[in-house]
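>>> please work out how this folds:
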Amino acid sequence: MYELFVLGELVTGDKHGYMLQEILKNAGGPYRQISSGTLYPLLSRMVDNGWIHLKLDETGGGKRPRKIYQITDAGQQKFLELMEKPLEFNMDTEHHFHFKMVYFRYVPKEIRLACLEQYLTYLETNLKHVTEFEAEITFYKPEPEKQRLQLMRVLDHRRQMGLTNIEWIRQEIEAVKSTEE
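Predicted coordinates for the structure are as follows:
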């Protein structure tokens with residue numbers, strides 16, 4: 001997922017490592033932070049793979065030159081491959097989808113639609129699970145009653161959020177379908 005982020009950001013222009021880390025901190029939200037100990041080894045591996053190029057900028061006036069990263073042709077190809085790769089349905093699906101969606105303008109319409117359709121399937125599967133679990137709880141009425149009632153509130157919240165997300169994604173799919181590209 002972080003490879004996609006780095007390549008996507010470099011598609012938009014050259015950046016230094018600190019800037020990449022700051023953008024990722026904001027993109028991932030307050031509870032999903034990336035450390036320097038994760039980002040810089042990743043950048044080194046990506047340089048080794050030939051996906052990005054490192055150049056030193058000595059015009060900053062500091063003691064050490066800044067490391068500026070730029071995407072290579074191989075990196076452009078890897079970015080496209082990562083954007084085309086189907087979403088995996090797991091605990092990171094939502095974050096991975098959001099990272100992909102940020103870079104939609106850099107990929108063809110069919111890749112955007114495929115990603116949106118995959119995410120719609122993910123949301124519909126989650127909603128089906130919640131609905132079936134609600135029906136099971138309603139039928140069997142497990143005890144204690146107070147816990148059952150609170151569980152039903154939680155499931156109601158999840159169902160409402162799922163319905164809202166599904167409606168938003170369906171509208172997004174229609175918007176992408178109606179674009180010229």
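>>> which element, helix or strand, includes residue 53?
strand 52-57 (DSSP states H and E).
>>> list the contacts of residue 111.
80, 83-84 (CB atoms under 8 Å, 6 or more residues apart in numbering). In this view, the C-beta of every residue, glycine as well, is placed from N, C-alpha and C.
>>> if we can go back for a sec, for the strand holding residue 53, what is the distance to the chain centroid?
Centre-to-centre, strand 52-57 and its host chain are 26 Å apart (CA atoms, centre = their mean, to the nearest Å).
>>> kindly export that strand (C-alpha atoms) in CSV.
Extracted as CSV, the C-alpha positions of strand 52-57 are listed here (Å, rounded to 0.1, in the frame of the first residue of the first chain):
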residue,chain,number,x,y,z
ILE,A,52,12.4,5.9,-8.3
HIS,A,53,15.5,7.9,-8.7
LEU,A,54,17.3,9.8,-5.9
LYS,A,55,19.0,13.1,-6.5
LEU,A,56,20.7,15.3,-4.0
ASP,A,57,19.7,19.0,-3.7
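>>> that strand: which residues count as buried?
Buried residues in strand 52-57, counted by 16 or more other CB atoms under 10 Å: 52-53.
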